[in-house]
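Student: starting from these lines, generate the structure:
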Amino acid sequence: QLVEAGGGSVQAGGSLRLSCAASGGTVDFFAIGWFRQAPGKEREGVSCISKSESGGVPNYADSVKGRFTISRDNAKNTVYLQIDSLRPEDTAVYYCAAAWECHRKFASWGQGTQVTVSS
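Tutor: Numbers count the residues shown, from 1 in each chain. Now for the predicted structure:
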């Protein structure tokens, strides 16, 4: 089970660090992806980090490159998403999920954490 935390309400230009903690499993064994869904829009994949066995390679959607940083702390069984230079268009519910690889189907979705950015 994955549990997201760290969302909140911030002004444009601010930063947040979202966390995705695993219980009953080990994040190191999976690729972990971050997704977001804004009101009235489809869910969008923003970042993914491959499992350590595959090199722990991060990748990002073009819309967030340079502002989002994904990382994993295997000792804490947690994956983080650092979001800098927040924009109002980043407002969404952010979810994490697990997959065997970043290009595979994701499962074990968390409940989401709300990020609201005001201008």
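Student: next one: stretch 82-102 to chain centre, how far?
Tutor: Between the centre of stretch 82-102 and the centre of its chain there are 4 Å (CA atoms, centre = their mean, to the nearest Å).
Student: what about the residue nearest the centre of the chain, helix or strand, and which?
Tutor: Taking CA atoms, centre = their mean, the centroid of the chain lies closest to residue 34, which sits 2.9 Å from it. Per DSSP states H and E, residue 34 falls inside strand 31-37.
Student: ok now that strand, how far from the chain's centre?
Tutor: Relative to the chain's own centre, strand 31-37 is displaced by 5 Å; criterion: CA atoms, centre = their mean.
Student: direction included, what does that strand pair up with?
Tutor: Sheet pairing of strand 31-37 (DSSP bridges) gives strand 44-49 (antiparallel), strand 92-99 (antiparallel).
Student: which residues in the protein form strands?
Tutor: 2-5, 8-11, 16-22, 31-37, 44-49, 58-60, 68-73, 78-83, 92-99, 113-118 (DSSP state E).
Student: so for the second one, what gets flagged as buried?
Tutor: To tie it back to what came earlier, the one meant is strand 8-11. Buried residues in strand 8-11, defined by neighbour count with 16 or more other CB atoms under 10 Å: residue 10. Where C-beta positions appear, they are placed from N, C-alpha and C, glycine not excepted.
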